[in-house]
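*Asks:* Need a 3D model of the sequence below.
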Amino acid sequence: MADSRPRVSLLRFGAPGPYVVSMLIAGLLWLPIRLWERDGSVQAAVVQAGLNAVIWGFAFFFTLSWFAKPRPAEADRVAAWAVVETALRRGEPPADEAGRAAVADNLPAVRRGALFGVAGGVLLLGALIVLALDAGSEVAAVGFGIVLVAVLADAVRTARRERRLRAALASVQGG
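*Replies:* Numbering: from 1, shown residues only. Here you go, the predicted model:
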């Protein structure tokens with residue numbers, strides 16, 4: 001049975017935007033720690049902070065998505081976002097007018113999340129791949145590459161679902 005609790009998201013973005021944001025936040029939190037306790041070069045400390053960012057960014061995103069409770073003032077927004085997530089998974093707009101309006105209002109945020117996920121993922125993970133190769137850590141570079149491919153695949157999947165849902169919504173609304 002599906003969980004009926006509404007999920008909370010820090011940002012109302014489509015996938016993989018929230019993960020990239022949480023990865024960036026985790027990296028910025030880990031960077032001073034890794035620089036302070038570094039034994040080697042600054043590059044190695046940045047690569048270690050990047051590895052922590054990839055792991056802890058996922059943990060941060062997962063924890064906030066599933067265990068945070070929405071404030072009562074955000075109940076309508078959370079409910080509308082849940083309708084959009086369901087419509088994206090199913091690939092068809094809701095049957096009721098209020099659901100279609102919620103989907104139409106939030107589709108630009110879904111697209112922004114996919115675009116931000118691609119741009120942020122390529123910039124952040126691409127830079128970490130280059131730094132890892134320069135620091136001589138090929139295993140870390142491969143790990144960052146795998147995460148980058150996963151982020152890009154999720155962004156492409158989200159963009160395709162968004163376009164398909166936008167087209168289905170236009171045909172239902174007669175436009």
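*Asks:* CA only for contacts and neighbour counts going forward, please
*Replies:* Fine.
*Asks:* May I see the buried residues of the lowest-mean-pLDDT helix or strand in the chain?
*Replies:* Least confident element among the helices and strands of the chain, by mean pLDDT, DSSP states H and E: helix 75-90 (a mean of 86). Using 16 or more other C-alpha atoms under 10 Å as the test for burial, helix 75-90 gives 78, 79, 80, 81, 82, 83, 84, 85, 87, 88.
*Asks:* and which of the residues you listed is nearest to residue 69?
*Replies:* Nearest to residue 69 out of the buried residues of helix 75-90 is residue 78 (C-alpha to C-alpha; 10.2 Å).
*Asks:* Was I right to think that closest one contacts residue 72?
*Replies:* No. Judged on C-alpha atoms under 8 Å, residue 78 makes no contact with residue 72 at a distance of 9.7 Å.
*Asks:* Could you check how far the closest residue to residue 30 other than its chain neighbours is from residue 105?
*Replies:* Nearest non-adjacent residue to residue 30, counting by C-alpha to C-alpha, 6 or more residues apart in numbering: residue 49, 5.3 Å away. Distance from residue 49 to residue 105, counting by C-alpha to C-alpha, to the nearest Å: 37 Å.
*Asks:* more neighbours, those two?
*Replies:* residue 49 (23 against 14; other C-alpha atoms under 10 Å).
*Asks:* what about that one, helix or strand, and which?
*Replies:* helix 42-67 (DSSP states H and E).
*Asks:* Could I get the average pLDDT for that helix?
*Replies:* For helix 42-67, mean pLDDT rounds to 88.
*Asks:* That helix: which residues count as buried?
*Replies:* 43-54, 56-61, 64-65.
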